[in-house]
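Chemist: what shape does this take:
(chains A and B)
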Number of protein chains: 2
Amino acid sequence: MNNEELILDIAQRAKQAFNHSATLSAPKKNAILLMAADRLEASMERIRQENEKDLATAKERGLSHAMIDRLTLNEKRIGEMAQGLREVVALEDPVGTVVKGWTRPNGLRIEKVRIPLGVIGIIYESRPNVTVDAAGLCLKSGNVVVLRGGSEAIHSNKILGEILRECLKDSGVSEDMVQVIPVTDREAVKVLLEQDHYIDLIIPRGGEGLMKFLRDWSKIPVIKHDKGVCHIYVDHNADLDQAESIVLNAKVQRPGVCNALETLLVDEKIAHQFLPRMFEELRRQGVEIRACDRSRKIDDQVKAATESDWDAEYLEKILAVKVVTDMDDALGHIQKYGSMHTESILTNDETHAERFLREVNASAVMVNASTRFNDGGQLGLGAEIGISTSKLHAFGPMGLEELTTQKYVIRGEGQIRE
Amino acid sequence: MNNEELILDIAQRAKQAFNHSATLSAPKKNAILLMAADRLEASMERIRQENEKDLATAKERGLSHAMIDRLTLNEKRIGEMAQGLREVVALEDPVGTVVKGWTRPNGLRIEKVRIPLGVIGIIYESRPNVTVDAAGLCLKSGNVVVLRGGSEAIHSNKILGEILRECLKDSGVSEDMVQVIPVTDREAVKVLLEQDHYIDLIIPRGGEGLMKFLRDWSKIPVIKHDKGVCHIYVDHNADLDQAESIVLNAKVQRPGVCNALETLLVDEKIAHQFLPRMFEELRRQGVEIRACDRSRKIDDQVKAATESDWDAEYLEKILAVKVVTDMDDALGHIQKYGSMHTESILTNDETHAERFLREVNASAVMVNASTRFNDGGQLGLGAEIGISTSKLHAFGPMGLEELTTQKYVIRGEGQIRE
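Modeler: Presented below is the predicted three-dimensional model:
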């Protein structure tokens, strides 16, 4: 089989396996996930051996220490993957849930019932734990998963896939519910992205380059995950102690993630009071500040922001700061530069809070809370397979429920249409 | 402005208008829709004049009588469009609905709230009433609409768009909430399909050619509307009088639509009893039957089906018929040849009914009812903007609710992430 035939074969097997996965009971799925968790822990040595191959290549290629760290599967990380599967077992199976129901005047009873989406392709980079995490969530929600990780983790991904497939086989279900694509070149991905007859959805886990590639080549719907240019707006009647603590948390608790704060907007009525103390604390935490002219009149030590700072996703300890005239000015700024990811207002004025929550167009809008809470785990979804920044199908963190769709179930007693 | 600049300008205006449409109150939107209904009725002559231009071209081009009929806007049809808008007024506005809410251990209150999708592009053929129907549903759900109809209806579509825009302007809101693209060549559509920065979703209303074109060219997510190869399975313990009435209704009440019956599956245990009377009635109604060998042993007057009959969407008075061994055989046939549109089982056996409803993978699954009920109006959605045959975002008839998405609304009292 050449690569093209190989990909086609994988896609067809996946589609076939979906006939099986969609109707598995929750106890059966849970038993498989628990078996997989145990099996991973029992296979430490086998996994480590394959992971060593990837690490050796990474060192040869001169990858950074951070990259090599991301690739490494040690006892602790394998244990965490197993624990992750056990946590998915504890989540409620969304399949079969009746979302709503009603009766028509002619007596037809209508229900909308959750069903799995189908075959999901996950395209990801670097961290091999995605192989297990994504497979666990897809299995629990009755979907079939086709996994395509990066070349740097190919041996690790393959062995993890093998272990999962052994568990499926030993449980008497189709092992093709989980498949790891063994080739990693981009041409092979292009073939995969053509298989809209067999694959229902692509969920990417990667950076801007991957998103652009998918936009250009995919015939299959893709969950977009674009950048997070997240704002906090400190309103004139915010609790300033609380504001200081929230801004600090949103910026420095983990700067390298998409729900970290990137631009701080401050009402001019409290800017003189708030900015000096905030800047002092940010500096103490090693944050570089890039500020508008009005901010710099308050503190001329801070660097001047340029236009490109307003839509920057720094993902590091840098913060853009702008003094705004009022709430309208803040809303206008967010509308112009925001990325529809996470936006928060800090205020004690309920009218302002409710207006902000209603008018701001983002996957998560908040009042008096850190942007860092826009996360599947933190919101209580249990686990997340990604964060969608497009509005179709799902917007924001995607848990098990977002891996399902709904069908109409209609019960009659012989009704025909007039 | 050349065509490319024109399309870009339309897309940008639409995006800008969305900032306005998303926050309109339900009473305001209803007032606009009612004004539009009245204005359409008051503009009969103006509409008829423009429509005449399209009809003249159609006659010159020698279009069929049926095509010309579809294009024609007479007093009755203009009245129906106006009435359609009034019916949309009566529907509940989904925007702002709290779908669910919960509180986290740290006190954060989380809600999922319905919001409009954004800018929706409708690409349609022939019938100019789509201009008004689609605009009404998009407006009511807080969305902005960009309409691109076919060249054959361009004058009719433009005048309808103008009237709607006049109502928006007279209501003091952005008239760019509704835009009709004044050029109809395919190159212009390709430019439109590139504008994923400004347009959130494409909803097509047209045939296979249009779907293929969109699949090849769209960078914007598209709601798929593929063919409906709908089945009815008559189980061995069905009520045969009821079965006869349902099969007849599903096949002949309106054969040219996607939820009409195309293949009848009959359990062999009742085939001898059921098929002769069913065939007789179908013939009386002018239906051509193409049947499997086992059916032809029962009635050798019927034509033999070939492989291509099993996945045919006839859209006319032709019916494929197959005798199956049992329910498993029926499920296997539907799985192999079904198009995930509408599938119905006729049975008095509750276990069979529930298994069929659970296992069959289609946008609507039914027991003891005609497939013709898979329709937004019939299911009680009020009106439909289309039927989705893909599982992403919406599956089956799409009403107002399916024109929305959900954002996370998070209310805190100073929470930060540990």
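
Chemist: from now on I want contacts and neighbour counts done on CA atoms only, so please keep to that.
Modeler: OK.

Chemist: give the contact list for A:Trp135.
Modeler: Just so we're on the same page, residue A:135 is Ala rather than Trp. Taking Cα atoms under 8 Å, 6 or more residues apart in numbering or on different chains as the criterion, A:Ala135 is in contact with A:145, A:178.

Chemist: could I get the pLDDT score of it?
Modeler: Looking at A:Ala135, its pLDDT reads 97.

Chemist: please apply the same query to A:Lys251.
Modeler: pLDDT at A:Lys251 comes out at 98.

Chemist: skipping adjacent residues, who's closest to it in space?
Modeler: Excluding its sequence neighbours, the residue lying closest to A:Lys251 (Cα to Cα, 6 or more residues apart in numbering or on different chains) is A:Leu261, at 4.8 Å.

Chemist: neighbours of the one you found, how many?
Modeler: 37 (other Cα atoms under 10 Å in any protein chain shown).

Chemist: cool, the one 10 residues further on as well?
Modeler: Around A:Ala271 sit 21 other residues, with neighbours defined as other Cα under 10 Å.

Chemist: give me the nearest residue to it, chain neighbours excluded.
Modeler: For A:Ala271, the nearest residue in space outside its immediate sequence neighbours is A:Val323; the separation is 6.8 Å by Cα to Cα, 6+ apart.

Chemist: so that neighbour sits in a helix?
Modeler: No: counting by DSSP: H, G, I helix; E, B strand; the rest coil, A:Val323 is not part of a helix but strand.

Chemist: where in chain A is pLDDT low?
Modeler: By pLDDT under 70, chain A has no low-scoring segment.

Chemist: got the domain boundaries for it?
Modeler: Chain A resolves into domains spanning A:3-226+A:397-410, A:230-372 when parsed by automatic domain parsing.

Chemist: how far does stretch A:285-293 sit from its chain's centre?
Modeler: For stretch A:285-293, the distance from its own C-alpha centre to the chain's C-alpha centre is 28 Å (Cα atoms, centre = their mean, to the nearest Å).

Chemist: and it, how far apart are its ends?
Modeler: Criterion Cα to Cα, to the nearest Å; first-to-last residue distance in stretch A:285-293 is 23 Å.

Chemist: pull the residues that contact it.
Modeler: Stretch A:285-293 has contacts (Cα under 8 Å, 6+ apart) with A:252, A:279, A:282-283, A:302-305, A:309, A:317-323.

Chemist: any idea which helix or strand comes after the helix or strand hosting A:Ala66?
Modeler: Secondary-structure element containing A:Ala66, defined by DSSP states H and E: helix A:65-71. Secondary structure here is assigned by DSSP H and E; on that basis, the next helix or strand after helix A:65-71 toward the C-terminus is helix A:75-90.

Chemist: and the helix or strand following that next one, what other elements does it pack with?
Modeler: The C-terminal neighbour of helix A:75-90 among helices and strands, as given by DSSP H and E, is strand A:98-103. Counting contacts by 3 or more Cα pairs under 8 Å, 6 or more residues apart in numbering or on different chains; DSSP states H and E, strand A:98-103 packs against strand A:109-116.

Chemist: the strand it packs on and chain B, are they touching?
Modeler: Yes: on the criterion Cα under 8 Å from any Cα of the partner chain, strand A:109-116 is in touch with chain B at A:Ile110.

Chemist: for that strand, packing partners?
Modeler: Strand A:109-116 is packed against strand A:98-103, strand A:404-415, with contacts defined by 3+ Cα pairs under 8 Å, 6+ apart.

Chemist: single out the most deeply packed of the ones you listed.
Modeler: Neighbour counts (mean count of other Cα atoms under 10 Å in any protein chain shown) averaged over each of these peak at strand A:404-415, with a mean of 22.

Chemist: just to revisit the earlier point, tell me which of the helices and strands packed on strand A:109-116 approaches A:Leu33 most closely.
Modeler: Of all the helices and strands packed on strand A:109-116, it is strand A:404-415 that lies closest to A:Leu33, at 18.6 Å by Cα to Cα.

Chemist: that closest one pairs with which strands, parallel or anti?
Modeler: The sheet places strand A:404-415 alongside strand A:109-116 (antiparallel), strand B:364-369 (parallel), with pairing taken from DSSP bridges.

Chemist: for those, which one sits closest to A:Ile154?
Modeler: Of all those, strand A:109-116 comes closest under Cα to Cα, at 27.9 Å.

Chemist: quick revisit: next, the buried residues of the helix holding A:Ala66.
Modeler: Neighbour-count burial for helix A:65-71, counted by 16 or more other Cα atoms under 10 Å in any protein chain shown, picks out A:67-68, A:71.

Chemist: swap in stretch A:167-174?
Modeler: Of the residues in stretch A:167-174, those buried by neighbour count under the rule 16+ other Cα under 10 Å are A:167-168, A:173-174.

Chemist: can you flag which of the residues you listed belong to strands?
Modeler: When strands are assigned by DSSP state E, not one member of these lies inside them.

Chemist: sorry, back to before: surely the residue nearest to A:Ala271 and A:Lys269 touch.
Modeler: No: judged on Cα atoms under 8 Å, A:Val323 makes no contact with A:Lys269 at a distance of 9.2 Å.

Chemist: neighbour-wise, which of these two wins?
Modeler: Higher neighbour count among A:Val323 and A:Lys269: A:Val323, with 25 against 15, using other Cα under 10 Å.

Chemist: bridging residues for that one?
Modeler: Counting by DSSP bridges, A:Val323 is bridged to A:Val266.

Chemist: circling back to that earlier point, out of the buried residues of stretch A:167-174, which is nearest to A:Ile120?
Modeler: A:Ser174 (15.8 Å).

Chemist: and the gap between that closest one and A:Gly142?
Modeler: Using Cα to Cα, which is the criterion applied here, A:Ser174 is 12 Å from A:Gly142.

Chemist: now do the shared contacts for those two.
Modeler: Taking Cα under 8 Å, 6+ apart as the contact criterion, the common neighbours of A:Ser174 and A:Gly142 are A:Ser21.

Chemist: rewinding a little: ok, and what's touching the helix holding A:Ala66?
Modeler: Outside helix A:65-71, the residues that touch it by Cα under 8 Å, 6+ apart are A:51, A:54-55, A:58-59, A:126-128, A:152-153.

Chemist: could I get those residues as JSON lines with secondary structure?
Modeler: Putting the contacts of helix A:65-71 into JSON lines (three-state DSSP) gives the following:
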{"residue": "A:Asn51", "secondary structure": "helix"}
{"residue": "A:Asp54", "secondary structure": "helix"}
{"residue": "A:Leu55", "secondary structure": "helix"}
{"residue": "A:Ala58", "secondary structure": "helix"}
{"residue": "A:Lys59", "secondary structure": "helix"}
{"residue": "A:Ser126", "secondary structure": "coil"}
{"residue": "A:Arg127", "secondary structure": "coil"}
{"residue": "A:Pro128", "secondary structure": "coil"}
{"residue": "A:Glu152", "secondary structure": "helix"}
{"residue": "A:Ala153", "secondary structure": "helix"}
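
Chemist: ok, A:Ile47 - contacts?
Modeler: If a contact means Cα under 8 Å, 6+ apart, then A:Ile47 has A:73, A:156, A:159-160 as its contacts.

Chemist: from A:Asp300, how far off is it?
Modeler: Distance from A:Ile47 to A:Asp300, by Cα to Cα: 55 Å.

Chemist: A:Asn361 touches A:Met340, doesn't it?
Modeler: Yes: using Cα under 8 Å, A:Asn361 makes contact with A:Met340 at a distance of 5.8 Å.

Chemist: residues contacting A:Arg294?
Modeler: With contact set as Cα under 8 Å, 6+ apart, A:Arg294 has these partners: A:322-323.

Chemist: which secondary structure element contains it?
Modeler: Going by DSSP H and E, A:Arg294 is in helix A:293-298.

Chemist: any idea which helix or strand comes after that helix?
Modeler: With elements assigned by DSSP H and E, the helix or strand that comes after helix A:293-298 is strand A:303-304.

Chemist: contacting residues around that following strand?
Modeler: The contact list for strand A:303-304, computed with Cα under 8 Å, 6+ apart, reads A:289-293, A:296.

Chemist: ok, 7 Å please
Modeler: Contact with strand A:303-304 is made by A:289-293, as judged by Cα atoms under 7 Å, 6 or more residues apart in numbering or on different chains.
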